[in-house]
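Asks: Fold the following and give me the result.
(2 chains)
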Amino acid sequence: MRRRSIVAVSAGVLVVFAAVPAQALELGEYLRRSGEAEFTGRQVVACATPDGVRDAVLEVEQADGVLVVREPVSEGSAVTMSAVGTAVASDDGSVSTTVVTGRDEDGIHDYQVVAEQAVVYQGRSATEVTVRRDGIDRARMTFDSETGALVRTETLNLDGSRYCEISMTGFSPGTGDLLSALVPVDPNASALPEVDGADLPAELGGFDRIDVYELREGQVVAYYSDGLFSFTLLRSDRPLDPGDLAVFDGDRGPYHRSFGPNQALYVWTADDVGYALLGDQPLDLQDQVLADLPAPSTSGFWNRFWRRLFG
Amino acid sequence: MMHPSELLSALLDGELEPPEVVELSQHLDGCGRCREELEGLAEARSAVRSLPLLEVPPEVGLPVADVIPIRRRPAVWAGAAAAALTLGIIGASLTVTPEPAVFDPTELQTVFVARSAVDASFTPTKAAVAPVGAPAGVR
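Replies: Next up is the predicted model:
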């Protein structure tokens, strides 16, 4: 096998480009291995959003199917994620548990691994893959060779620009001290009841509706995924109070919008129905999804007048 | 994008000059928001115009000094009262908007990560959405 080597050094990451293996793994296999890995590290998140850079540093540890996330500066605040539920501990000592049964539907077939190369990430052998959907590169993901852990992710907008970069620093295989302080999931917590949700679109902007849950009376939450990115859509029978969220006046009307590290939140009202959308998809995919949902109400006075007279 | 909402009513009244009509039409071609608003205005105007016309009693035009107690025709008075009541009910319903529901972005974050955690495509990148660090809704 012909070998060519080009060495580039940047920010402590040594990258050695090597010939692409003849048989690349499916993305689902990479992610499955990553979910089984045991590791500790710090996750550095940085996203370029229309409202500026949004970043965060989180301590993470994963083992036995449990992932614990904590702020380095706040030992009392932590989130434990597992298949049996997600527990959130706050600085004030309160703990809440959310249980979602979910469906193990694999939509990863929508993405293809189109490039694969051996790299060295923080002194460790790794593999960087590029994943593509509908002819558009959407992410570059680096997996540690020894553990299979996902150590770096770049998500890409339609024009190829980077939306978010999520990198693991101080990566170390095996467990540390974070899991020993994990927040236990309340075994008596009830799962969010799953509901039909057939009145919600089966597909939004290329994302499939996977399941729908009742959050409380008058509010349902649907989970949509395209196999890599995902979002939750909250629909309320009343307008939602957006609080202090800034208003973004788009072509379709005004949304209350906020960007966080690897998340975008939109809140709006359409015909007195409240909507909130929270997801990790790149910017153009956010627009695609919103385009398939009711636009924000623009002249509520006249809409209500019309409905009062004619239903 | 600017939305010339104040011109929509004038358009329906035929009060715009031809160049203004052309410019506004071009804007409406590309703006769903204004098209919706124009449609609502037109329908509301049609609804109001479909209300029954009330016959004005002849005594209304008299000077004040000449006004004497008048026994109005019951049918006209009943129609006027019904129309006023209807408009009053409609007006009250229009001004009373639904009480907004309290929305907690952190709760939606939690549901997102909880659901992502049982997804086949779950990765630690989803954990960045967890309600630690910079929570949703907070810059």
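Asks: okay, CA-based contacts and neighbour counts for the rest of this
Replies: Fine.
Asks: is it true that B:Leu28 touches B:Glu36?
Replies: No: here B:Leu28 lies out of contact with B:Glu36, judged by C-alpha atoms under 8 Å, at a distance of 9.4 Å.
Asks: got a pLDDT number for A:Asp110?
Replies: Looking at A:Asp110, its pLDDT stands at 77.
Asks: and what of the one 3 residues further on?
Replies: At A:Val113, the predicted lDDT confidence score is 93.
Asks: how near is the spatially closest residue to it that is not a sequence neighbour to chain B?
Replies: Of all residues not flanking A:Val113 in the chain, A:Val131 sits nearest, at 4.5 Å (C-alpha to C-alpha, 6 or more residues apart in numbering or on different chains). According to C-alpha to the nearest C-alpha, to the nearest Å, A:Val131 and chain B sit 13 Å apart.
Asks: Can you get me a residue count around A:Val131?
Replies: A:Val131 sits with 23 neighbouring residues when counted by other C-alpha atoms under 10 Å in any protein chain shown.
Asks: From what I see, it and A:Thr142 are in contact.
Replies: No: checked against C-alpha under 8 Å, the pair A:Val131 and A:Thr142 is beyond contact range at 11.0 Å.
Asks: Identify the residues contacting stretch A:40-55?
Replies: A:56-62, A:162-176, A:259-262, A:283, B:128, B:134 (C-alpha atoms under 8 Å, 6 or more residues apart in numbering or on different chains).
Asks: Could you pull up the mean pLDDT of that stretch?
Replies: Mean per-residue pLDDT for stretch A:40-55: 95.
Asks: Look up which helix or strand the nearest residue to A:Ala202 once chain neighbours are set aside falls in, please.
Replies: Ranked by C-alpha to C-alpha, 6+ apart and with sequence neighbours excluded, the top spatial neighbour of A:Ala202 is A:Arg209, at 5.1 Å. For A:Arg209, the element it lies in under DSSP states H and E is strand A:207-216.
Asks: List the buried residues for that strand?
Replies: By neighbour count with 16 or more other C-alpha atoms under 10 Å in any protein chain shown, strand A:207-216 contains the buried residues A:207-215.
Asks: want to try JSON lines for the residues you listed, with pLDDT and distance to A:Asp292 as columns?
Replies: Shown next, in JSON lines, are those (pLDDT from 0 to 100; distance: C-alpha to C-alpha, whole Å):
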{"residue": "A:Phe207", "pLDDT": "94", "distance to A:Asp292": "11"}
{"residue": "A:Asp208", "pLDDT": "93", "distance to A:Asp292": "12"}
{"residue": "A:Arg209", "pLDDT": "94", "distance to A:Asp292": "13"}
{"residue": "A:Ile210", "pLDDT": "92", "distance to A:Asp292": "17"}
{"residue": "A:Asp211", "pLDDT": "92", "distance to A:Asp292": "18"}
{"residue": "A:Val212", "pLDDT": "95", "distance to A:Asp292": "18"}
{"residue": "A:Tyr213", "pLDDT": "95", "distance to A:Asp292": "20"}
{"residue": "A:Glu214", "pLDDT": "95", "distance to A:Asp292": "22"}
{"residue": "A:Leu215", "pLDDT": "94", "distance to A:Asp292": "23"}
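Asks: rewinding a little: buried members of the contacts of stretch A:40-55 into PyMOL, please.
Replies: The buried residues among those can be selected in PyMOL (16+ other C-alpha under 10 Å) with this line:
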select buried, (chain A and resi 56+57+58+59+60+61+62+162+163+164+165+166+167+168+169+171+173+176+259+260+261+262+283) or (chain B and resi 128+134)
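Asks: Inside helices: which ones of the contacts of stretch A:40-55?
Replies: Of the positions in the contacts of stretch A:40-55, A:Leu283 sit in helices, assigned by DSSP state H.
Asks: lowest-confidence helix or strand of chain B?
Replies: Lowest by mean pLDDT, DSSP states H and E among the helices and strands of chain B is helix B:74-95, with a mean of 68.
Asks: right, and the helix or strand after that helix?
Replies: Counting by DSSP H and E, the element after helix B:74-95 in chain order, helix or strand, is helix B:105-116.
Asks: Which elements pack onto that following helix?
Replies: Packed against helix B:105-116 by the contact rule (3 or more C-alpha pairs under 8 Å, 6 or more residues apart in numbering or on different chains; DSSP states H and E) you find strand A:74-82, strand A:85-89, strand A:95-98, strand A:230-236, strand A:273-279.
Asks: Near chain B, which residues of the stretch 1-150 of chain A are found?
Replies: Listed as neighbours of chain B in the stretch 1-150 of chain A under the rule C-alpha under 8 Å from any C-alpha of the partner chain: A:28, A:31-32, A:34-35, A:45, A:55-58, A:67, A:69-71, A:77-79, A:81-83, A:85-86, A:88, A:98-106, A:108, A:150.
Asks: Buried members of these into PyMOL, please.
Replies: Only the buried members of those enter the following PyMOL selection, criterion being 16+ other C-alpha under 10 Å:
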select buried, chain A and resi 28+31+32+34+35+45+55+56+57+58+67+69+70+71+77+78+79+81+82+83+85+86+88+98+99+100+101+102+108+150
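Asks: Please spell out the segments of chain B that come in under the pLDDT threshold.
Replies: Residue ranges of chain B with pLDDT under 70: B:1-2, B:44, B:46-76, B:88-98, B:133-139.
Asks: one step back: in the sheet, who's paired with the residue nearest to A:Val113?
Replies: A:Val113, A:Ala139 (DSSP bridges).
Asks: doesn't A:Tyr224 make contact with the residue nearest to A:Ala202?
Replies: Yes: applying C-alpha under 8 Å, one finds A:Arg209 in contact with A:Tyr224, separated by 4.4 Å.
Asks: Can you check which residues contact both of these two?
Replies: A:Glu203.
Asks: Now the one residue sitting closest to the centre of chain A: closest residue in space that isn't a chain neighbour?
Replies: Nearest to the mean C-alpha position of chain A, by C-alpha atoms, centre = their mean, lies A:Asp280 at 3.8 Å. Nearest residue to A:Asp280 in three dimensions, chain neighbours excluded: A:Gln263, at 4.7 Å (C-alpha to C-alpha, 6+ apart).
Asks: re earlier: please report phi then psi for the residue nearest to the centre of chain A.
Replies: Here is the backbone geometry of A:Asp280 (degrees, to the nearest 10): phi -110, psi 20.
Asks: Please give me every residue in contact with it.
Replies: So A:Asp280 contacts A:229-231, A:262-264, B:126, B:129 (C-alpha under 8 Å, 6+ apart).
Asks: rerun that using 6 Å as the cut-off
Replies: A:229, A:262-263 (C-alpha atoms under 6 Å, 6 or more residues apart in numbering or on different chains).
Asks: One more: A:Leu58?
Replies: A:42-43, A:70-71.
Asks: Tell me how far the nearest residue to A:Arg140 once chain neighbours are set aside lies from chain B.
Replies: Leaving aside its chain neighbours, A:Arg140 sits nearest to A:Thr130 (4.5 Å; criterion: C-alpha to C-alpha, 6+ apart). From A:Thr130 across to chain B, the span is 16 Å (C-alpha to the nearest C-alpha).
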